[in-house]
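>>> Pasting the sequence and the predicted model now:
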Amino acid sequence: VSDGVSDEHYWNVINLPVPDASGRVAYVVHCAENITEQVQLQNENAVQRQANRELKNRERQLVSEMRRHARDLQYLNVQLRDTNTQFELVLEGLGEAFFAVDNDRRATYVNAQGAQVLQRGKEAILGRHARELLAPAVWSIVSVKLREVEISRQPAIFEFYNPDTERWSENRIYPAPDGFVIFSTDISARKRDEARLQETEARLRLAVQAARLGFWELNLSTKAIYFSPECRQQLGYGKEEWPNELSACESRFHPDDLEGVRRLLDRGANGNVRVAEREYRLRHKDGTYRWIHAHFMPIAGPDGAVERVVVTHQDITERKQAVEQIRHSAHHDALTGMPNRALIYEFTDHLMARARRTGGEMALLFMDLDRFKPINDLYGHKAGDKLLRKVARRLSSCVRGQDLLGRLAGDEFVIVLPDIEHEEDAARVAR
């Protein structure tokens, strides 16, 4: 029942009919009791009971969830322990030293190899400042690198020599959420190998320079070519003056040698030659040609087919000149440059054999200088030598191109006249 305001009231109403003498209802007794407070109390109790039931249900759910979370947490802890164990096994098996330090530069983890590098037990390392664990010279380097990584948040890779252990190491520092992780690899063996390699390369360079060796390499399929610096230096060219181009190489071959080199390269490409030697001439920057002694070495690819040719070459120009000089000296007079006794005899024997075979004729003219000895005695041997050279030049102007003019010894000369028809021809030359 509404009282017309805003509150609701609950009433307990009892209607009691009162009959008259005839038994009919004479009137009704109406009794009303305001039970608003009791109803409200009952409603509140019902709500409370419902709330209690819901609270208990929620409590049971929470307990169940907590138990499930506890089981999950226990499982995760086990997994974490296993993961940590596996992670430590990985760190221990890295094959290199591993360190973790916090932002205060104190060690929080070290593997067995790291402890060995620091020559301390793990207990003596953990919690200690890196400055206390490293040699002063090493700490001066590491502290700078740690600061660089801290500022840039980028890894740092560097090498240094530890005077305490007399070892070289390559170090890599990476930023971590709570500090840094450091990997350190012993590279002492590599450094020794590098030093030996540098010594070997230096000796090889000296040997190459002493032997005047160079090389060039040609890829037979792409025609790409490479010339070593020594190759260019031997011929007086810089890299820009002699580019790595096949045409640049071919243009410097002597015309008489180029075709032979091409044939040799083709034979190598076809697998018809393993290692070959050849001499050819290359044009020097000064315009002269240099003699080259070359080794052609075909190099096969993975399929066994020849894919490139490596050519090592040596400048033998001076050797050629020396051999030629020796050959010339063996057959020519040192003073006048004319053929000497050996070449005269060889040439004469050849002409006589040909004359007997063909029935032709030849002549030998012998001559000497009158009163030559007094010139030597009076003016000295230098004046005599000068006279002999002048006589040689004069005689050379008097003979034909096919004639041989030579000096036997002292002031004695010989002229060999091949292919003459009459004795008068020889007499005319003599006059």
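Right, received. Where do you want to start?

>>> For residue 304, which three-state class applies?
Per DSSP: H, G, I helix; E, B strand; the rest coil, the local secondary structure of residue 304 is coil.

>>> Can you get me a residue count around it?
By other CB atoms under 10 Å, the residues close to residue 304 number 8. The C-beta positions use only the backbone N, C-alpha and C, and glycine is treated the same way.

>>> who are the neighbours in contact with it?
Under the criterion of CB atoms under 8 Å, 6 or more residues apart in numbering, residue 304 has no neighbours.

>>> for this structure, which strand is longest?
strand 289-300 (DSSP state E).

>>> for the helix or strand just after that strand, packing partners?
Using DSSP states H and E, the helix or strand that follows strand 289-300 towards the C-terminus is strand 306-315. Under the contact definition 3 or more CB pairs under 8 Å, 6 or more residues apart in numbering; DSSP states H and E, strand 306-315 sits against strand 213-219, helix 255-269, strand 289-300.

>>> sorry, back to before: give the pairing partners of the longest strand of the chain; include direction for each.
strand 276-283 (antiparallel), strand 306-315 (antiparallel) (DSSP bridges).

>>> relative orientation of it and helix 255-269 in degrees?
10 degrees (axes from the mean of the first three to the mean of the last three CA atoms, to 10 degrees).

>>> Give me the mean pLDDT for strand 289-300.
Per-region confidence: strand 289-300 scores 86 on mean pLDDT.

>>> And the contacts of that strand?
Counting by CB under 8 Å, 6+ apart, residues outside strand 289-300 touching it are 234-235, 254, 264-265, 268-269, 271, 273-284, 306-317, 319-320.

>>> just the buried members of the residues you listed?
234-235, 264-265, 268-269, 273, 276, 278, 280-284, 306-309, 311-317 (16 or more other CB atoms under 10 Å).

>>> Tell me where the protein is predicted with low confidence.
1-7, 73, 75-87, 89-91, 93, 204-212, 268-269, 271-273 (pLDDT under 70).

>>> I'd like the next helix or strand past the helix of greatest length in it.
Looking across the chain with DSSP state H, the single longest helix is helix 36-92. Along the chain past helix 36-92, the next helix or strand (assigned with DSSP H and E) turns out to be strand 97-102.

>>> Can you give me the distance of residue 240 to residue 232?
10 Å (CB to CB, to the nearest Å).

>>> which one of these two has more residues nearby?
The neighbour comparison of residue 240 against residue 232 (other CB under 10 Å) goes to residue 232, with 18 against 7.

>>> quick one on the thing from earlier: let me know which of the strands paired with strand 289-300 is the nearest to residue 215.
strand 306-315 (4.5 Å; CB to CB).

>>> hmm, who's touching the helix or strand following that closest one?
As assigned by DSSP H and E, the chain's next helix or strand after strand 306-315 is helix 317-331. Helix 317-331 has contacts (CB under 8 Å, 6+ apart) with 290, 291, 339, 340, 342, 343, 346.

>>> list the contacts for the last one?
For residue 346, the contacting residues are residue 331, taking CB under 8 Å, 6+ apart as the criterion.

>>> before we move on, back to that, any chance of the contacts of helix 317-331 in JSON lines, with secondary structure and distance to residue 368 too?
Putting these into JSON lines (DSSP: H, G, I helix; E, B strand; the rest coil; distance: CB to CB, whole Å) gives the following:
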{"residue": "290", "secondary structure": "strand", "distance to residue 368": "44"}
{"residue": "291", "secondary structure": "strand", "distance to residue 368": "41"}
{"residue": "339", "secondary structure": "strand", "distance to residue 368": "17"}
{"residue": "340", "secondary structure": "coil", "distance to residue 368": "16"}
{"residue": "342", "secondary structure": "helix", "distance to residue 368": "19"}
{"residue": "343", "secondary structure": "helix", "distance to residue 368": "19"}
{"residue": "346", "secondary structure": "helix", "distance to residue 368": "22"}
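
>>> Put the buried members of those residues into a ChimeraX selection.
This is the ChimeraX syntax for the buried subset of these, where burial follows 16+ other CB under 10 Å:
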select :290,291,339,340,343
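
>>> Could you look up the SS state of residue 154?
coil.

>>> Leaving out sequence neighbours, find the closest residue to it.
Spatial nearest neighbour of residue 154, chain neighbours left out: residue 175 (7.5 Å); criterion: CB to CB, 6 or more residues apart in numbering.

>>> picking up where we left off before, please produce a markdown table containing the strands paired with strand 289-300, extended by distance to residue 32.
Below are the strands paired with strand 289-300 laid out as a markdown table (distance: least, CB to CB, whole Å):
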| stretch | distance to residue 32 |
| --- | --- |
| strand 276-283 | 135 |
| strand 306-315 | 119 |
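
>>> which stretch among these comes nearest residue 191?
Nearest of the strands paired with strand 289-300 (CB to CB): strand 306-315, 30.7 Å.
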